[in-house]
Every structure is written in C-alpha cells, then in structure tokens.
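> Quick one, structure for this:
(4 chains)
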Protein chains: 2
Amino acid sequence: MTSAAPETRPYHHGDLSRALIDAARRILERDGPAALSLRAVAREAGVSPAAPYHHFKDKNELLEAVAHEGWVALDTALLTARASAADARDRMTGLGVAYVQFARDNPALYRVMYDRSRDKDALPDQMKEEGAYCQVRNTISEQTGGGVTDIDLELATIAAWCAAHGLAEMISFKQFAPLKELLGGEDAFLRAVFEHLGMFSKYDRG
Amino acid sequence: MTSAAPETRPYHHGDLSRALIDAARRILERDGPAALSLRAVAREAGVSPAAPYHHFKDKNELLEAVAHEGWVALDTALLTARASAADARDRMTGLGVAYVQFARDNPALYRVMYDRSRDKDALPDQMKEEGAYCQVRNTISEQTGGGVTDIDLELATIAAWCAAHGLAEMISFKQFAPLKELLGGEDAFLRAVFEHLGMFSKYDRG
DNA sequence: GCACCAATCTAAACGGCGTCAAGATAATCT
DNA sequence: AGATTATCTTGACGCCGTTTAGATTGGTGC
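Next comes the predicted model:
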C-alpha cells in the first residue's frame, strides 16, 4: 500500500497550528459559530481529532488564538478608519462606524472574540499599545486637545466602547430594517444612532 | 418490588414544563450557562432525559421559555425603577442603571436572554406593550414632553438600548475595577459612564 | 365501573462532541 | 548510526441532543 499519488500529505504537517486557526476561521465564515467544533476544525485541516492537542491545550486555547487574530484585524480596521478620516470633525463617529462595520462584516468572528472575553471577564488584547481600546482613548484625547481629566478620558472611552459594542451586537436585528431604509442605508442609520447617544445626559436633569 | 416509601413521585409529574424551567433557572444561577444541558435540566427535575421532549420541541424552545421569563423580570425591574425615580431629572439614567444592575445580578440569565435574541436576530419580547424597549421609548418621550420627531425618538431609544446593553456586558470586566473603586462603587461608576455617553456628538464636529 | 384513548414518562439507542492514553511515524540531535 | 523528541493516529471514555419503542397513567364516553 502507501501507494497512489505522491500527493499524500506527509505525516508531519509542517505548521498545523497555523492551519488549524485558518480552518477554524474558514468554518466560522462558512458555517457559523455553532458549527465550530474542535473535531470539525481537525477535519477541515485534514488531521485526526486528537492532533490539535499537540498545539493547543484544549478547544478554548484554539478559540483564543482565533479571537486574538480577530482583535488584531479590528485594530488595523480602526487604524485605517482614523487615518482616512477626512477632517477632524468626524473622527469619533468614523471610528464608531468602522467598529460596527467590522462586527457586521465578521459576525461569527466577532462573536468568538467577545465570548472569550466574557468567559475571562476581561478585555486583554485591546488594552495593548495600539489595541482598539487605546485607539479610542487616543482619539478622544486628540479631539479634546487634552483638555479633559484622566478619569473623564477613561469614562468617555468606556462609554464609547459600550455604545459601539451594543450597537455592533444589534445592528443586524430585523426590527431596525425599516428605520435603516428610511434613513437611506445602514451607514446613515449607524451615524444617526451615534448622534443620539447623549440622551442620558441630555434628557435628564431637565 | 415497587415497595419502599410511598414517597416515590407519581409517574406523571403534574406540571413538568414549569418544573423544567425552574430547574433550568436553578442550574443557571448555581452552575452558570455552560452547565445548562438539557440532560442536566431533566436530572435536576428528577425525570428521564427524554421527558422534556413532551413539553418542548427541543432544547432551544426550553431556553426560549427561560429567556422569556428573564425579559418579563427585566420589565418589572424597569417598571419599579421608573416608579421609584424621585424626581424627573433622573429618569433616564435611573432606567439605565436599573437595566445594568439586572444584568449584573442575573448574569447567566441575561446571557441566555441575549443569546436567544442573537440567534433569531430579533428582540421579540421587549417590543411588546410594557416591554423593556417600549418603556425606554416612553420614558424618553415623557422626558422630552413629546417635542421630538418619531424618528428621533426611535433613534434615541436604540442608542439608549445599545449603550445599556454594552455596559451590561462589560460591567464585570476586571479592567474597570480600579476605576469603580476610585469613583466610590459600582453604581457611581455606572452613572458616570452614562453621563459620558454623548462623546460622539460632543467631541466631533468641533 | 370500565374499556379505551391520549398524554406523559422511561429505556435504549444513535451519532457527535471534547478529551485522554497508547502506540505509530518522522524529524532532530549526538 | 542510534536515540530522543515532536508530531500524528487509533481507540476509547463519558457527556451531549435527539429519536424510537414501549410502559404507565389520567380522562372520556359508555
């Protein structure tokens, strides 16, 4: 035996960790988060169900690697949005729109990213140097010209993050479809929602 | 056989649907969402693994029933918050705080509630009469004295909902612990974040 | 009071899952 | 070269959701 074409993959894969992460992302996009089992990933990569355990401690660790790549991709998306903001008048909203668009374009990946965060009760990746969280804080700092206390800066960053995440999770809800159409598309809807975010401070203490 | 104590539960349960939902909520609170398997629910209720299928089409339908009760509980929590708001100056923020507190006090239940919504891409329950969504909209309407267009009212409601949901999902993240302490507790932290929600419209077009 | 029917529950099985232990294979080091 | 180590497979375990077939019961019509 062991005949057939010489095309039989070698016993050792070469870079299975990489291949597994890619396979996972492929399954996520193609079949959604529910189909993302460790066995399915191994199948997709063409190895046995136990093979991944030589590269990841368990399923969770593989998902964390996938989530990490997701956060990196979000970082670059936000960097691009900041760079391409025409004038300074639209930096924050542009950033928020870019964030939600990323979630809308990568729904399964975004879900994995946040599921991992919830399980750990933390946002490790995006606190880094050029992490998404720091990018939001830096943008606010730029927009205010530094004229804001550290505490207010942190609170505004958190507020922005919460609003963007909340919108990211609901942007695809069917109930909003008519309103989106009324406003002339999803992007216009996004900007409109961001503009109304002040309602707590605006409508209270009246 | 068939002896022992007469305490043996009758073959027919009486109200198993109710018992299953209660068992599910008990497991959620005690062991978290990851432990919520249909078999575990049946075990907790003292019946065989197949018994639930005479009352729910599948696991999803049981979870939906649990989620529904969660939304009802949230509705009453928000109703209470609105009723007990001392002065009119704090209605919206009070509502937001109550929302996030509910999520913080029932984290596993809140997760089930939103997981079901995400799978259906819709928020069915809370759109009803006294549903949470309508309560937010009505409160905004009250606070503005009706001096706002229908579209703006809807957009403000969505914005409020997104912000509250985003904050609800992150309120327990460890990164915020120092800031919470600095501000004198979680409630103060919550109010402070809500006050900063206007950053998109405030810091842009400057 | 009783036969029947429908509702309800159990027992047993299926395939799929995450994970682990043992053994096969191949690359690397000496 | 031989030995060591990393990598992959096979096969198994217990748990999961779900289905099928059969047991048990409550209710209805006579």
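> Contact partners for the residue most central in space within chain A?
The centroid of chain A falls nearest to A:Y110 when counting by CA atoms, centre = their mean (4.2 Å). By CB atoms under 8 Å, 6 or more residues apart in numbering or on different chains, A:Y110 lies in contact with A:70, A:102-103, A:168. The C-beta positions use only the backbone N, C-alpha and C, and glycine is treated the same way.
> With only the CA atoms kept, save the strand or helix carrying it in PDB.
Here A:Y110, judged by DSSP states H and E, is contained in helix A:107-120. C-alpha atoms of helix A:107-120 as PDB (Å, rounded to 0.1, in the frame of the first residue of the first chain):
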ATOM      1  CA  PRO A 107     -20.300  38.400  12.800                       C
ATOM      2  CA  ALA A 108     -19.100  34.900  13.700                       C
ATOM      3  CA  LEU A 109     -15.600  36.100  14.400                       C
ATOM      4  CA  TYR A 110     -16.800  39.000  16.500                       C
ATOM      5  CA  ARG A 111     -18.900  36.600  18.500                       C
ATOM      6  CA  VAL A 112     -16.000  34.300  19.200                       C
ATOM      7  CA  MET A 113     -13.900  37.400  20.200                       C
ATOM      8  CA  TYR A 114     -16.500  38.500  22.800                       C
ATOM      9  CA  ASP A 115     -17.400  35.100  24.000                       C
ATOM     10  CA  ARG A 116     -13.800  34.600  25.000                       C
ATOM     11  CA  SER A 117     -13.700  38.000  26.700                       C
ATOM     12  CA  ARG A 118     -16.900  37.200  28.700                       C
ATOM     13  CA  ASP A 119     -15.600  33.900  29.900                       C
ATOM     14  CA  LYS A 120     -12.500  35.700  31.200                       C
END
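> State the mean pLDDT of the helix or strand just after it.
Next in sequence after helix A:107-120, counting helices and strands by DSSP H and E, comes helix A:132-143. For helix A:132-143, the mean per-residue pLDDT is 92.
> So helix A:132-143, near chain B or not?
Yes: using CB under 8 Å from any CB of the partner chain, we find that helix A:132-143 touches chain B at A:140, A:143.
> circling back to that earlier point, can you list which of the contacts of A:Y110 are found in strands?
When the contacts of A:Y110 are checked against strands (DSSP state E), there are no matches.
> Go through those and say which is closest to DNA strand D.
Set against DNA strand D, the nearest of the contacts of A:Y110 by CB to the nearest atom of the strand is A:G70 (23.4 Å).
> Any chance of the backbone angles for the nearest residue to A:R104 once chain neighbours are set aside?
Nearest non-adjacent residue to A:R104, counting by CB to CB, 6 or more residues apart in numbering or on different chains: A:I171, 5.3 Å away. Main-chain dihedrals, A:I171, degrees, to the nearest 10: phi -60, psi -30.
> ok, now A:K57?
Dihedral angles for A:K57 - degrees, to the nearest 10 - are phi -60, psi -40.
> repeat for A:D87
Phi and psi for A:D87, reported as degrees, to the nearest 10, are phi -120, psi 170.
> By residue count, what's the longest helix in chain A?
For chain A, the helix that runs over the most residues, judged by DSSP state H, is helix A:59-83.
> helices or strands next to that one in the packing?
Helix A:59-83 sits against helix A:16-31, helix A:38-45, helix A:91-105, helix A:107-120, helix A:132-143, with contacts defined as 3 or more CB pairs under 8 Å, 6 or more residues apart in numbering or on different chains; DSSP states H and E.
> list the helices and strands the lowest-mean-pLDDT helix or strand in chain A packs on?
Ranked by mean pLDDT, DSSP states H and E, the weakest helix or strand in chain A is helix A:199-203, scoring a mean of 73. Secondary-structure packing of helix A:199-203 (3+ CB pairs under 8 Å, 6+ apart): helix B:91-105, helix B:132-144, helix B:150-170, helix B:186-195.
> Who are the packing partners of the longest one?
Contact here means 3+ CB pairs under 8 Å, 6+ apart; on that basis helix B:150-170 packs against helix A:150-170, helix A:177-183, helix A:186-195, helix A:199-203, helix B:91-105, helix B:132-144, helix B:186-195.
> With B:C162 as the reference, name the closest of those helices.
Closest of the helices and strands packed on helix B:150-170 to B:C162 is helix A:150-170, at 3.3 Å (criterion: CB to CB).
> and the direction of that closest one versus that of helix A:132-143, what angle?
Angle, helix A:150-170 to helix A:132-143, by axes from the mean of the first three to the mean of the last three CA atoms, to 10 degrees: 120 degrees.
> about what we covered before: read off the pLDDT value for the residue nearest to the centre of chain A.
Predicted confidence (pLDDT) for A:Y110: 97.
> Leaving aside the residues adjacent along the chain, what's closest to A:A98?
A:A81 (3.4 Å).
> correction: A:L109
Of all residues not flanking A:L109 in the chain, A:G70 sits nearest, at 4.6 Å (CB to CB, 6+ apart).
> Tell me who's in contact with the one you found.
With contacts defined as CB under 8 Å, 6+ apart, A:G70 is in contact with A:106, A:109-110, A:112-113.
> same thing but 10 Å
Counting by CB atoms under 10 Å, 6 or more residues apart in numbering or on different chains, A:G70 touches A:25, A:28, A:102, A:106, A:108-114, A:116, A:125.
> Likewise for A:L153?
Applying CB under 10 Å, 6+ apart, the residues contacting A:L153 are A:137-138, A:140-141, A:144, A:146, B:196, B:199.
> contacting residues around stretch A:51-65?
Counting by CB under 10 Å, 6+ apart, A:13, A:15-21, A:23-24, A:28, A:33, A:36-39, A:41-42, A:45, A:47, A:112-113, A:115-116, A:119-120, A:124-125 sit against stretch A:51-65.
> you'd agree A:D121 is up against B:S172?
Yes: judged on CB atoms under 10 Å, A:D121 makes contact with B:S172 at a distance of 5.3 Å.
> shared neighbours of those two, anything?
B:P107.
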